[in-house]
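Chemist: no sequence on hand, only this structure:
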Ligand code: GH3
């Protein structure tokens, strides 16, 4: 176990080290006397546990706790060392900010310290599992498993949000509705597996064409949609649609075989064509059918 001991009082740090080393509970102890140096060490190295003094001269405990526990890549259990007895508010605030346990400096015995470290690590591990499970469930709830693009439900939710934002800022948004041409023929002639791989390749190419902040989704089957935020004029949507058509005209190579596809794109805009997510999708769907009826492989507003 690797421990980061953060306390500005050297005598207090020595007291902790004495307890930790008799008998040797933890060998690998790194000292820090300020919050800033502790955060630097935490950034540069990996620790299993941080023993953190509640009162440090250079930063509020809650602030350093948040920085430690919300770190993007580094994770460690945190035990707060405090001199205050039964301060419920302090405890509640620290737990809410991510601490796992408390230790009173007056109770610094081998038994108490061991218990606090074991509890903190167990709680931390459980917490990490919950965080990872939540992230996985969120991903599954929001994404299409085959292509990794947003799924329809998440897409519609985001589209509603973007319409509200556009109303507030009086900006414009565009919606592109894409449907692969004669996809059933691809499935029938090459098999469903090849069809799946082609859908995945289409999704990958779409992701290379959209800006950060725009949202691409697989609505279902061979249908995709893209929300384009903050458009300045219709021509920019037309240009994007043309870039998508050109990009998807490039052959898709699977197992050294080239496959040629085309798509039909319908476009709607807020606020010109529609004011709700449902109407934007309906309008873009109708525009896409117009393309289908006029030879496919193109776009229409
Ligand atoms: P059109 O140009 O008129 O749209 O013709 P189409 O053949 O593409 O017609 P349609 O859009 O109705 O056909 C969609 C096909 O997509 C039918 C269905 O079997 C297939 N499909 C739906 N979901 C999947 C999937 O997950 N994987 C594969 N490979 N095919 C799928």
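Modeler: Yep, that arrived. What you see is a predicted model; the values in this text were computed from it and never measured. Residues are numbered from 1 along each chain as shown.
Chemist: surely residue 52 is in a helix?
Modeler: No. Per DSSP: H, G, I helix; E, B strand; the rest coil, residue 52 lies outside any helix segment and is strand.
Chemist: I'd assumed residue 218 was in a helix, is it?
Modeler: No. Assignment of residue 218 by three-state DSSP gives strand, placing it outside any helix.
Chemist: what's around it, how many residues?
Modeler: 26 (other C-beta atoms under 10 Å). The C-beta positions use only the backbone N, C-alpha and C, and glycine is treated the same way.
Chemist: that one is in contact with residue 226, isn't it?
Modeler: No. Residue 218 is beyond contact range of residue 226, at 10.8 Å (criterion: C-beta atoms under 8 Å).
Chemist: neighbours around the residue of the stretch 1-150 of the chain found nearest the ligand, how many?
Modeler: Closest residue of the stretch 1-150 of the chain to the ligand, C-beta to the nearest ligand atom: residue 146 (6.1 Å). Residues lying near residue 146 (other C-beta under 10 Å) number 12.
Chemist: got the contact list for it?
Modeler: 196, 199, 200, 218 (C-beta atoms under 8 Å, 6 or more residues apart in numbering).
Chemist: Three-state assignment for it, please.
Modeler: coil.
Chemist: kindly report the same for residue 179.
Modeler: Per three-state DSSP, the secondary structure class of residue 179 is strand.
Chemist: skip the chain neighbours and tell me the closest residue to the residue of the stretch 101-250 of the chain found nearest the ligand.
Modeler: Of all residues in the stretch 101-250 of the chain, residue 195 sits closest to the ligand, at 2.6 Å by C-beta to the nearest ligand atom. Once flanking residues are discounted, residue 195 sits nearest to residue 187: 4.2 Å by C-beta to C-beta, 6 or more residues apart in numbering.
Chemist: quick one on the thing from earlier: number of nearby residues for the residue of the stretch 101-250 of the chain closest to the ligand?
Modeler: Residue 195 has 20 neighbours, counted by other C-beta under 10 Å.
Chemist: looks to me like it is in a helix.
Modeler: Yes. When three-state DSSP is applied, residue 195 is found to be in a helix.
Chemist: show the pLDDT at it.
Modeler: Residue 195 is assigned a predicted lDDT (pLDDT) of 96.
Chemist: so it sits right up against residue 185, yeah?
Modeler: No. The pair residue 195 / residue 185 is not scored as a contact, 9.8 Å apart, by C-beta under 8 Å.
Chemist: quick check: residue 245 touching residue 262?
Modeler: Yes. Judged on C-beta under 8 Å, residue 245 makes contact with residue 262 at a distance of 7.4 Å.
Chemist: okay, and the common contacts of those two?
Modeler: residue 297.
Chemist: residue 239: neighbouring residues, count only.
Modeler: 11.
Chemist: brain fart, residue 17
Modeler: 15.
Chemist: list the contacts for the nearest residue to it once chain neighbours are set aside?
Modeler: In this structure, residue 17 finds its nearest non-sequential neighbour in residue 29, 6.1 Å apart by C-beta to C-beta, 6+ apart. By C-beta under 8 Å, 6+ apart, residue 29 lies in contact with 3, 5, 17, 20.
Chemist: so which of the residues you listed also contact the ligand?
Modeler: With the criterion set as C-beta under 6 Å from any ligand atom, no member of the contacts of residue 29 is near the ligand.
Chemist: so which of these comes closest to residue 48?
Modeler: residue 3 (6.8 Å; C-beta to C-beta).
Chemist: now that closest one: how far from residue 276?
Modeler: Using C-beta to C-beta, to the nearest Å, one gets 56 Å for the distance from residue 3 to residue 276.
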